[in-house]
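Undergrad: from the sequence below, what's the structure:
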Amino acid sequence: MKNNSNIEIINWEQARKSVKAAEPELADIIDNWQVRHSFIRVRYNYGDKVLKGGILHLTDKDGVSHPIHSADISEEIKEQLSYSNMPLGVITAGSNEVFLETGERVIPLVFFKPGVIMGLWESLEEKASYLIKQIWDVSAGARSIFMLPSISQRVPHEQLKKHYGVKRSAPSTLYDHHQVFTQIIQSQNFKKPWMHEILFLGKDWLTPNNQDIGWLRFHNYLLKKAWQLSAYNRNITTFDRIWLLFSQELEAKGIKVNPQLITILKQIVAIAIGAAPGFRPIVKTDVAAPAATLQKIYLNTYGLKNYIPTIMALDYFSSPQNNEPIYYSLQIQTQMEPICKFKNTLSEIREIKMLLEFFIELVLEGKLKVAGTLIDWVAKNVQFDFYHPDTTRHDDIQNSKYLPSRDKALIEVRGAKRGRKFAHASPLAKGCVQIRMK
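TA: Next comes the predicted model:
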């Protein structure tokens, strides 16, 4: 793999600018440390697999993805990255999504942006551990991504095949949008290149030296980051206790609930406290994907009629720093538990609304013992609004055609002429929760 600009070993002087921009704290630690170990800079195209079935993959200069054990990967790079199935790496450009794909469903775990240190759990874990490593995939760019209006028409889709060499048929579900987007973005005719870059730390970075203050500071930094990343998972037993108290309060009130709705309620709360990702429209950024260029292609080449080409992808509700709303939808469920299938989503979203209101009431009354926690903060500061396209004027569930009135990002698309409508009857809007600051 000689002369491969997508996979190369570089020194700290070559890596410093990118690390400094993405994660200044780590750059300062390395600057003050006399040790200068190697980095392996790997660049990926949109849709490439960084991890496939728990195995690290690298993309070569021709866009071909190779597992780390492949004969096409140099022995030097194999040796540098062999200490973990997911070596430590600093994301310096683009993003990636950790997910599990099962059947026709994609279950997202986390969404990583520039500055995140990948591979912390895997690289710091003891050899004999509880960590299961071979079930997760990691995509370059967002895997959970879709356009709100329908893009499943066969004749317009033929134009994408003609102009961008798309091989896949028109998407039949929202989960299929990603594969079509990937083939468009990786086409030679796609005018705006998109790149995901990770600076992997070679094995020497993790060689212990307790006599070296630089090593101790570096190792402490890794432990601190891993501790922060594990906050929700470390407290999962406590969260289970909260839901037990909630169930007892429901029983005391004589309220019988479908257990599947409690599963969904847990996920909504997890999104509100920032522990799980929700969906947000991509606006003024290409971190998740080159959305603006995709939107232009669907307006001009596909010939999308009438609707605004809103593109949704994963993100986090990080209020109060980010006051933009985020969404959970009954039609695109993201919880780890099996998908909940409903005959009448309008009826179910009403019941979820009732349950959430009761949950918040119990939090504010102190009955769930969460004072001083993020859940307590959410109950006091976060607004939950429920939407469906089939509601009437006096319904307690709002009509999804009014979603843009509280979230202009849903209709903020460059190049879309006036007169186009928001796709208020899209699958996302058929039973969705908008989470925003009060």
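Undergrad: helix or strand: which one has the nearest residue to Leu364 once chain neighbours are set aside?
TA: When the adjacent residues along the chain are set aside, Leu364 lies closest to Ala379, with 5.6 Å between them (Cβ to Cβ, 6 or more residues apart in numbering). From N, CA and C alone the C-beta is placed, and that goes for glycine too. Secondary structure from DSSP states H and E places Ala379 in helix 374-381.
Undergrad: now that helix: buried residues?
TA: Neighbour counts over helix 374-381 (16 or more other Cβ atoms under 10 Å) mark 374-379 as buried.
Undergrad: same check, this time on stretch 310-323
TA: 310-317, 319.
Undergrad: what about it, distance to the chain center?
TA: 10 Å (Cα atoms, centre = their mean, to the nearest Å).
Undergrad: the residue nearest to Leu364 touches Lys367, doesn't it?
TA: No. In terms of Cβ atoms under 8 Å, Ala379 does not count as a neighbour of Lys367; the distance is 11.6 Å.
Undergrad: for Lys113, grab the count of nearby residues.
TA: Applying other Cβ atoms under 10 Å, we find 15 residues neighbouring Lys113.
Undergrad: so what's it up against?
TA: Contacts here follow Cβ atoms under 8 Å, 6 or more residues apart in numbering; on that basis Lys113 touches 91, 95, 287.
Undergrad: can you redo these as TSV with secondary structure?
TA: Listed next are those as TSV, based on DSSP: H, G, I helix; E, B strand; the rest coil:
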residue	secondary structure
Ile91	strand
Ser95	coil
Val287	coil
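Undergrad: hang on, the earlier thing: report the rounded mean pLDDT for the helix holding Ala379.
TA: Mean pLDDT, computed over helix 374-381, is 95.
Undergrad: related to what we said a few turns ago, of the buried residues of stretch 310-323, the lowest pLDDT goes to which?
TA: Among the buried residues of stretch 310-323, pLDDT bottoms out at Ser319, giving 58.
Undergrad: leaving out sequence neighbours, find the closest residue to the spatially most central residue of the chain.
TA: For the chain, the residue nearest the mean C-alpha position is Phe111 (2.9 Å; Cα atoms, centre = their mean). Leaving aside its chain neighbours, Phe111 sits nearest to Leu314 (4.1 Å; criterion: Cβ to Cβ, 6+ apart).
Undergrad: quick check: the one you found touching Ile282?
TA: No. Between Leu314 and Ile282 no contact is recorded; they are 10.1 Å apart, counting by Cβ under 8 Å.
Undergrad: common neighbours of these two, please.
TA: By Cβ under 8 Å, 6+ apart, the residues touching both Leu314 and Ile282 are 145, 288.
Undergrad: SS state for Gln434?
TA: With three-state DSSP as the basis, Gln434 sits in strand.
Undergrad: that one pairs with what?
TA: Listed by DSSP bridges, the beta-bridge partners for Gln434 are Tyr327, Asp385.
Undergrad: neighbours of it, how many?
TA: 21.
Undergrad: Ala292 now?
TA: 19.
Undergrad: quick one: the helices in the stretch 251-400 of the chain, in order.
TA: 259-272, 291-300, 345-364, 374-381 (DSSP state H, counting those that start in this stretch).
Undergrad: now the ones you listed as a markdown table including distance to Lys161?
TA: Putting the helices of the stretch 251-400 of the chain into a markdown table (distance: least, Cβ to Cβ, whole Å) gives the following:
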| stretch | distance to Lys161 |
| --- | --- |
| helix 259-272 | 36 |
| helix 291-300 | 13 |
| helix 345-364 | 34 |
| helix 374-381 | 46 |
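Undergrad: ok, residues contacting stretch 152-170?
TA: 151, 171-172, 176, 179-180, 183-184, 187-190, 297, 301-304.
Undergrad: next one: stretch 267-278
TA: Here stretch 267-278 makes contact (Cβ under 8 Å, 6+ apart) with 108, 110-111, 144, 231-232, 314-318, 326-328, 333-335, 352, 356, 359, 374-375, 378, 382, 384, 433, 435.
Undergrad: quick one: distance of it to the chain centre.
TA: That offset, for stretch 267-278, works out to 12 Å (Cα atoms, centre = their mean).
Undergrad: stretch 86-106 now?
TA: Using Cα atoms, centre = their mean, the offset of stretch 86-106 from its chain centre is 8 Å.
Undergrad: can you give me the end-to-end distance of it?
TA: The separation between the terminal residues of stretch 86-106, taken as Cα to Cα, to the nearest Å, is 21 Å.
Undergrad: what of stretch 156-176?
TA: End to end - Cα to Cα - stretch 156-176 spans 16 Å.
Undergrad: in that stretch, what counts as buried?
TA: With burial defined by 16+ other Cβ under 10 Å, the residues of stretch 156-176 counted as buried are 156-157, 160, 163-164, 166, 170-171, 174-176.
Undergrad: looking at the helices of the stretch 251-400 of the chain, spot the one closest to Trp12.
TA: helix 291-300 (33.9 Å; Cβ to Cβ).
Undergrad: state the phi and psi torsions of Val50.
TA: When read as degrees, to the nearest 10, the backbone of Val50 gives phi -80, psi -40.
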